[in-house]
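S.K.: Sequence and predicted model, in that order:
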Amino acid sequence: MNDLSPLEHVTREAFREGMAHLPGAVNIVTTDGPGGRAGLTASAVCSVTDEPPTLLVCVNRTSSAGGAFRENCAVCVNTVGPRHQDLAMLFGGKTPMNDRFARAAWTQGPSGAPVLSESVVSFDCRVTHRHDVGTHTVLFCEVVDVVVAPGEPASVYYARAFHAVSL
Ligand SMILES: Cc1cc2nc3c(=O)[nH]c(=O)nc-3n(C[C@H](O)[C@H](O)[C@H](O)COP(=O)(O)O)c2cc1C
């Protein structure tokens with residue numbers, strides 16, 4: 001180990017440019033509860049363990065949905081396919097929350113969070129732990145329901161654009 005801070009090696013811009021070249025799924029992550037209904041687009045989602053089934057989601061605390069994710073325990077991770085790419089851009093920022101939800105069909109999962117109809121897969125969850133790192137809060141989310149749309153094409157986000165993937 002040396003004593004150089006990572007910021008002296010890697011700028012924020014270099015890190016973001018690197019991450020833009022890491023292909024991955026995009027998700028519309030929703031929440032509802034005492035903090036109100038809200039959602040944002042997130043690529044920072046991954047599996048933690050299947051015992052108990054747990055995902056993590058990294059949420060920017062300063063985003064307009066940040067307060068709702070802090071107060072609510074119900075969260076749903078809805079994975080985006082080609083039919084929801086435009087919706088993902090709406091949830092990606094600047095659009096008022098009600099306008100985001102008005103552009104798609106939703107049901108309510110067992111947790112109480114909005115489940116996106118015809119998503120590639122939806123993981124309905126209850127938040128079990130939170131951990132702040134820099135600008136973001138890592139939400140550890142225990143999965144209480146999984147809804148898969150068999151055969152629904154998926155999308156991979158790579159170099160700041162969506163690319164369709166089908167079976
Ligand atoms: C492809 C894509 C991936 C994103 N991934 C994340 C993420 O993992 N975590 C996050 O907090 N924000 C992520 N964002 C940004 C949020 O969706 C956006 O900041 C959020 O909607 C806040 O905007 P607002 O404050 O105008 O509501 C992503 C945006 C896009 C377009």
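M.R.: Arrived safely. Here the structure is a predicted model, which means the values were calculated and not measured. Numbers count the residues shown, from 1 in each chain.
S.K.: where's the residue nearest to residue 138 when sequence neighbours are not counted, which helix or strand?
M.R.: Nearest residue to residue 138 in three dimensions, chain neighbours excluded: residue 131, at 4.6 Å (CB to CB, 6 or more residues apart in numbering). For every residue, glycine as well, the C-beta is placed using N, CA and C. Using DSSP states H and E, residue 131 maps to strand 121-133.
S.K.: Got the confidence number for residue 93?
M.R.: At residue 93, the pLDDT value in this model is 87.
S.K.: cool, and residue 97?
M.R.: 97.
S.K.: Which pLDDT does the model give the residue nearest to it when sequence neighbours are not counted?
M.R.: Leaving aside its sequence neighbours, residue 97 sits nearest to residue 38 (CB to CB, 6+ apart; 5.5 Å). pLDDT recorded at residue 38 is 98.
S.K.: wait, residue 167 sits on residue 150?
M.R.: No: between residue 167 and residue 150 there is no contact under CB atoms under 8 Å: 9.1 Å.
S.K.: Doesn't residue 87 belong to a strand?
M.R.: No: read with DSSP: H, G, I helix; E, B strand; the rest coil, residue 87 is helix and lies in no strand.
S.K.: mind listing what it touches?
M.R.: 28, 80, 100, 103, 104, 116 (CB atoms under 8 Å, 6 or more residues apart in numbering).
S.K.: Same check on residue 28?
M.R.: 39, 40, 41, 42, 78, 80, 84, 87, 88, 91, 116, 119.
S.K.: among those residues, which two are most distant?
M.R.: 40 and 119 (14.9 Å; CB to CB).
S.K.: Now the element after the lengthiest helix in the chain, going C-ward?
M.R.: Longest helix of the chain, by residue count under DSSP state H: helix 12-20. Heading C-terminal from helix 12-20, the first helix or strand you meet, by DSSP H and E, is strand 27-32.
S.K.: what angle separates that next one from strand 121-133?
M.R.: 80 degrees (axes from the mean of the first three to the mean of the last three CA atoms, to 10 degrees).
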